[in-house]
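J.: Prediction below, plus the sequence it came from.
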Amino acid sequence: MKDGIYTIAENSLIAAGVYKLRLVGDVSEIRKPGQFINIRLPGFYLRRPLSVCDVDHGAGCVTVVYKVVGKGTQALSQLGTGETLQVLSGLGNGYDVSVAGDKPLLIGGGAGVPPLYFLAKTLKDMGKDVAVVLGFNTKDEVFLEKEFRALGCRVTVTTVDGSYGVKGFVTDALPAAYSCFYTCGPEPMLKAVWKTAQTGGQFSLEERMGCGFGACMGCSCRTKTGYKRICKEGPVFNKEEILWED
């Protein structure tokens, strides 16, 4: 974990209410897909945790994609190129790519899609045959589809209203065969994947965080092996350890 000052290189609208933020700074602690950064915003007490979408260690640049959902992310969307932010980087445990098998499946919903891009990039570099299912509410909210295709992934997009791709939810478009799955998205989607998926897999969970590095215990969740901190022991958990009530 490192705390440092980062400079905004890009903060642009890429879909309805969705922004791509590129920050230049020390990215040496960002080593695994699924990790996150924690941004301090002027005028706000709590930092904003955002999943890493991509990282370029050579250029010293980290990319996050976020959706405006409240006052904090609204304030973030108003910042421009050249402004600076204080950022904690290299947080969380990340996905375990060693269990992917030959044909991993990535399942993302809405604001849960971004960390899967870095994961897909990593898996493709390992020579994996990667399938991706992306779920959104409507066509205007779709993002990163072209970027996943450019990596060579097999991509399926679903929309709840049927305005683009397959009508329905991500669980309506899962392929018949895959070696392992990785997923991130809203809790109802994650629960549906948990019930539907036919293999082992890993879930990235979202929760309100205080410190972001395990000190305050504010984001603890109950697992089969006891309470764990989403910001520290997570945000990625194996399917077998998650406890969800019907």
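T.: That came through, no problem.

J.: Which residue, neighbours along the chain excluded, lies closest to the spatially most central residue of the chain?
T.: Taking CA atoms, centre = their mean, the centroid of the chain lies closest to residue 115, which sits 3.0 Å from it. Sequence neighbours aside, residue 51 is the residue nearest to residue 115 in space, at 3.9 Å (criterion: CB to CB, 6 or more residues apart in numbering). Quick note: C-beta positions are derived from backbone N, CA and C, even for glycine.

J.: Report the beta-bridge partner residues of the one you found.
T.: When assigned by DSSP bridges, residue 51 has beta-bridge partners residue 36.

J.: Which residues are in contact with residue 112?
T.: 51, 183, 184, 185, 186, 189, 204, 206 (CB atoms under 8 Å, 6 or more residues apart in numbering).

J.: With secondary structure, pLDDT and neighbour count added, can I get those in CSV?
T.: CSV is the format used below for the contacts of residue 112 (DSSP: H, G, I helix; E, B strand; the rest coil; pLDDT from 0 to 100; neighbours: other CB atoms under 10 Å):
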residue, secondary structure, pLDDT, neighbour count
51, strand, 94, 26
183, strand, 97, 26
184, strand, 95, 29
185, coil, 93, 23
186, coil, 92, 14
189, helix, 95, 20
204, strand, 92, 28
206, coil, 74, 19
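
J.: and the longest strand for this structure?
T.: strand 2-15 (DSSP state E).

J.: could you say what helices and strands the helix or strand hosting residue 65 packs with?
T.: Using DSSP states H and E, residue 65 sits in strand 61-67. Judged by 3 or more CB pairs under 8 Å, 6 or more residues apart in numbering; DSSP states H and E, the packing partners of strand 61-67 are strand 2-15, strand 18-24, strand 48-51, strand 54-56, helix 71-77, helix 114-125.

J.: Just checking: what are the partner strands of it?
T.: strand 18-24 (antiparallel), strand 54-56 (antiparallel).
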